[in-house]
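Visitor: got a predicted structure here, sequence first:
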Amino acid sequence: MNKLIELLRNFEKKTVLVIGDYCVDEYLEGDVQSIAPEAPVPRVRIGNKWVRMGAAGNVVLGIRALGARTFAAGIIGDDAISKELVKNLEEHVVHTEGLVFQKGRITPKFSRILAGGVHYPKQHVIRFDAENEEDVREESVKSLIEFIRNNSEEFDAIIVADYDEVDKGVIKRELLDAIVKVADEKGIILIGDSRKNLANFKGFTSVVPNIFEAELAYGRMIGQNEDDIFNAGKELIENLNLKSILITRDKEGMDLIEKEGDDFKKVSIPILSKNVVDVTGAGDSVTCAFTLGLCSSGKDFVSSANLANHAASITIGKEGVVTVTKEELNEAIKNE
């Protein structure tokens, strides 16, 4: 039996906690009818509306789509958007007991208008964001830490999904320290993904940055040179006390750098898909498949990275942010 298929079959036996920044992405799609009479802007008649779970929400749904049991944890607002978010997650059979509701805080919502006409395709016209101006409170963080400690026996892995770009996010130093301590005590696989703060993710099993996020943590440009990527990976592993780092490089595939004793090895994994439609969301697919691969394989980093590459190749062959199902991944591996 193909080793990757065997690992995939074990996904349903695993439980993953995804802790981080949760938000709702809203899409409003319509046709441009005319120019508005009161201002020189297009008037869009909305025909379709849909919402997706964004940020950590996309990760937790990605884990669920691959067949594993999932828990969501974070700090959200006590508002209508949070109720919409929780309802959506529970419809996908995600445990939501770890979501802390904080009065005065909003649940971020990012709305996009996609407009077109009879003779031209729909495209983004504008995006408007509802983001937090209030930071997380100490009591909310303590409630989150208490949930993690009280339920740690449940988790095979914890994913820390830090999507904060306005310094009002959930992942604070106190929380990171508590997560690392619990993971060490319980032998839980710990995976980190951060847009801006990867340098704070010390003591993790692995982190999964793209090349730009890796450069932020490294403190200088890396580029696409293989030796430079290897050196950056080694330094980040040493500085952050990691077991490995998986750096994604869009159409160039990904590079796994792993520490074995006092030595390091690098495995370059080329992209599988020849039909690149949209790379949006590919990083989340990598995080999900890589994490579950590590859970199922006893920390076989290379096999897990290959699983992640298959998942990313499925994602980039589709338009928009999508989750990869266990069935799709199984079929992709069989057809390799």
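Guide: Cool, the structure landed. Quick caveat, the model's predicted, so the values are computed rather than measured.
Visitor: which helix or strand contains the residue nearest the centre of the chain?
Guide: By C-alpha atoms, centre = their mean, the chain has its centre lying nearest to Asp284, at 3.7 Å. Element membership for Asp284 (DSSP states H and E) is helix 282-297.
Visitor: and Asp129, by the same measure?
Guide: For Asp129, the host element (DSSP H and E) is strand 123-130.
Visitor: do Phe264 as well
Guide: strand 263-269.
Visitor: mind listing what the helix or strand harbouring Thr96 pairs with, with the direction of each?
Guide: In this structure, Thr96 sits in strand 95-102 according to DSSP H and E. Using DSSP bridges, the strands paired with strand 95-102 are strand 69-77 (parallel).
Visitor: what are the buried residues along whichever helix or strand comes after the strand it pairs with?
Guide: Later in the chain than strand 69-77, the nearest helix or strand by DSSP H and E is helix 80-91. Using 16 or more other C-beta atoms under 10 Å as the test for burial, helix 80-91 gives 81-82, 84-86, 88-89. The C-beta positions use only the backbone N, C-alpha and C, and glycine is treated the same way.
Visitor: stretch 43-59 too?
Guide: 44, 52-59.
Visitor: could you tell me which of these belong to helices?
Guide: Cross-referencing the buried residues of stretch 43-59 against helices under DSSP state H gives 56-59.
Visitor: what about the strands in this protein?
Guide: 15-20, 22-35, 42-55, 69-77, 95-102, 109-116, 123-130, 157-162, 189-194, 206-207, 244-248, 254-260, 263-269 (DSSP state E).
Visitor: Gly62 is in contact with the residue nearest to the centre of the chain, correct?
Guide: Yes. Assessed by C-beta atoms under 8 Å, Asp284 is found in contact with Gly62 at 5.5 Å.
Visitor: return the residue of the chain that is most distant from the centre.
Guide: Distance to centre of the chain, C-alpha atoms, centre = their mean, peaks at Pro37 (42.5 Å).
Visitor: tell me how far that one lies from Leu66.
Guide: Pro37 is 50 Å from Leu66, where distance means C-beta to C-beta, to the nearest Å.
Visitor: please apply the same query to Ile188.
Guide: 18 Å.
Visitor: looking at those two, which one has more neighbours?
Guide: A count of neighbours by other C-beta atoms under 10 Å puts Leu66 above the other of Ile188 and Leu66, at 28 against 22.
Visitor: can I assume that one is in contact with Val324?
Guide: Yes. Counting by C-beta under 8 Å, Val324 is a contact partner of Leu66 at 6.9 Å.
Visitor: quick one: neighbours of Thr107, just the number.
Guide: For Thr107, using other C-beta under 10 Å, the count is 25.
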